[in-house]
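J.: need a 3D model of the sequence below.
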Amino acid sequence: MESNKVIIYQVFTRLFGNRNVTRKEHGTIAENGSGKMADFTPKVLKDLAAMGISHVWYTGIIRHATQSDYTQYGIPRQHAAVVKGKAGSPYAITDYYDVDPDLAVDVDARMQEFEQLVERTHETGLKVVIDFVPNHVARQYHSICAPMGVEDLGVSDNPEHGFDPQNNFYYCPGERFQPYFDLYQGEKDAYIEEPAKATGNDHFDSSPSKTDWYETVKLNYGVDYYAGRIGYFDPIPDTWYKMTEILMFWASKGVDAFRCDMAEMVPAHFWRFATKAVREEYPDIKFIGEVYNPYDYRRYLLNGFDWLYDKVGMYDTMRSVICHHAPTSAISNAWQQTDDIRAHMLYFLENHDEQRIASDFFAASGSKGIPGMVTLVLMQQNPFMLYAAEEYGERGMDREGFSGNDGRTTIFDYWSIDTLCRAAAKKLTTEEKALFDIHKKTLLIARKEKAVASGTFFDLMYVNQHLERQYAFLRHYSNDLLLVVTNFEDTEVEVDVTLPTHAFDYLKLKETTTMATDMLSKEKQSMMLKPDASIRMKIGARSARVWKLKV
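T.: You can find the predicted model right below:
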């Protein structure tokens, strides 16, 4: 019987199913192709479920700015000067009520195709996560699919006011949008915006730079940034109502969770308002917050979030440990910082913002991430997120176009992912197959063992300070005990792991000798459990032991 351990699989929907291997730099959709929602067939989804996945985060569903021309379908064209890359960023939304046409087999039926995707996903027993991008929209935002009676963003704004609590945007009165780059970008006419709107990354003048989120405009939730971030929340700002209606719209489509982009750039007061309203109608819906400031974690949890990115703490720490820049004891320090809210922290090693483990910018090898992955998946009860192709060691070292060779898989360009294409064609290398195998085994342990999803965690590092490249902990539930030891070293090691008297008292363990089975390798070893005694074991390079014992 599977547990309630949450394993989220992030897929960049436009790339996941694309099998076109042309991969022309700055290529168009006609040249490089695009993945479709239809690529998530029942078989594909069953395979994900069989790997231990519980939730699929379909990144890039809502229609966003693109240089592809869909005017024949009644979709407004975007000016190239305010679109990043040929495909465009999925975080520059052009219509909150529409689906990205790149993802549809039949563009006119794109919403129906999304509804069918949700249905197929649910039929497989998986849950659906999509992005909610609340902080900013594309510069040429205009909804053509909003339900009858829904007023578009900015329609009732007074652009003569830089800030007004009831405006949807912030303005630079009397100033034309004049960024530090060419406003033509190959177009016949220049892009014109007057008065200029404030840019999405809190840039409140008319001249953003190339490093700003210049393709987006900041949404106004009633915070006066011009006067030192004073909040005007009574009466409720108009933007609050409009954005809550957008959440309700997608919840009505059967979405199970929202990954809320840059949630900390939107006032916590709004999240309390919006999450309460949505849960009154959809009580089981989850909210995942991209919040980077650890000092804000508890505030955003109190205001409606279920899970928060653990980036600045656990991700940054684990990356340093994997790269041998920090000892494994740093992992203990990281989890202790959020121990009071541990069930709400979302662990991960990759996502669309971060560099691939196997890239030259990180560890240059997917196998180096194995001990970190096993540790993060099995250490606590909280959710874990896997980025599509991480399980194969995707390198992310392509020069795709706007994205460039930065160790990340592009979100701006039409492309296909090498390892996913070869996995579909059954052309993976031996190392890639082994990497997938240990990912699948680890995820299934997390999903099936109650000691992981519901059990108690006991960190063994404080009595094993000789372990600088290994990490050891216990998970316990009823009669099941898991002893997990991960090895970040590049060579096989033989180590002694001490179980302290406190662990026996805390977990109510009794002294015994029993047979242990390594759930990853199926090896068996007799183990004597005795307070303050050591257990000796060999662990392969960049590997792990997950010993299961009956106690």
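
J.: what helices or strands is the helix or strand encompassing Y58 leaning on?
T.: Per DSSP states H and E, Y58 falls inside strand 55-59. The helices and strands touching strand 55-59, judged by 3 or more CB pairs under 8 Å, 6 or more residues apart in numbering; DSSP states H and E, are strand 7-12, strand 127-132, strand 257-260. Yep, even glycine has a C-beta here, placed from its N, CA and C like the rest.

J.: CA atoms of that strand as CSV?
T.: Extracted as CSV, the C-alpha positions of strand 55-59 are listed here (Å, rounded to 0.1, in the frame of the first residue of the first chain):
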residue,chain,number,x,y,z
HIS,A,55,2.2,14.7,-8.8
VAL,A,56,3.0,16.0,-12.2
TRP,A,57,3.9,19.7,-12.5
TYR,A,58,3.0,20.7,-16.1
THR,A,59,5.2,23.8,-16.4
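
J.: now the helices for the stretch 301-450 of the chain?
T.: Taking DSSP state H, counting those that start in this stretch, the helices of the stretch 301-450 of the chain run over residues 316-322, 329-337, 370-378, 418-424, 430-448, 450-453.

J.: quick one: contacts for the most centrally placed residue in the chain?
T.: Nearest to the geometric centre of the chain sits N351, at 5.1 Å (CA atoms, centre = their mean). The contact partners of N351, by CB atoms under 8 Å, 6 or more residues apart in numbering, come to 10, 385, 387.

J.: same thing with D310?
T.: If you count contacts by CB under 8 Å, 6+ apart, then D310 has 338, 345-348 around it.

J.: same check on D131?
T.: Counting by CB under 8 Å, 6+ apart, D131 touches 57, 59-62, 90-91, 258-261.

J.: you'd agree A146 is up against Y97?
T.: Yes: shown here, A146 and Y97 form a contact pair, counting by CB atoms under 8 Å, at 4.7 Å.

J.: nearest to A446, of the contacts of N351?
T.: In terms of CB to CB, no member of the contacts of N351 lies closer to A446 than M385, at 12.4 Å.

J.: from G254, how far off is the closest one?
T.: 21 Å (CB to CB, to the nearest Å).

J.: what's the answer for E290, then?
T.: Counting by CB to CB, the separation of E290 from G254 is 23 Å.

J.: more crowded one of the two?
T.: Taking neighbours as other CB atoms under 10 Å, E290 and G254 compare with E290 leading, 19 against 16.

J.: hang on, W250 packs against F132?
T.: Yes: counting by CB under 8 Å, W250 touches F132, with 7.4 Å between them.

J.: pull up the overlap in contacts between these two.
T.: With CB under 8 Å, 6+ apart, W250 and F132 have common neighbours F258.

J.: run a quick neighbour tally on the closest residue to S403 other than its chain neighbours.
T.: In this structure, S403 finds its nearest non-sequential neighbour in T410, 3.5 Å apart by CB to CB, 6 or more residues apart in numbering. Neighbour count of T410, defined by other CB under 10 Å: 23.

J.: try the one 10 residues further on
T.: Here the neighbour count serves as a burial measure; for L420 (other CB under 10 Å) it reads 22.

J.: same deal with the one 4 residues further on?
T.: Taking other CB under 10 Å as the neighbour definition, A424 ends up with a count of 13.
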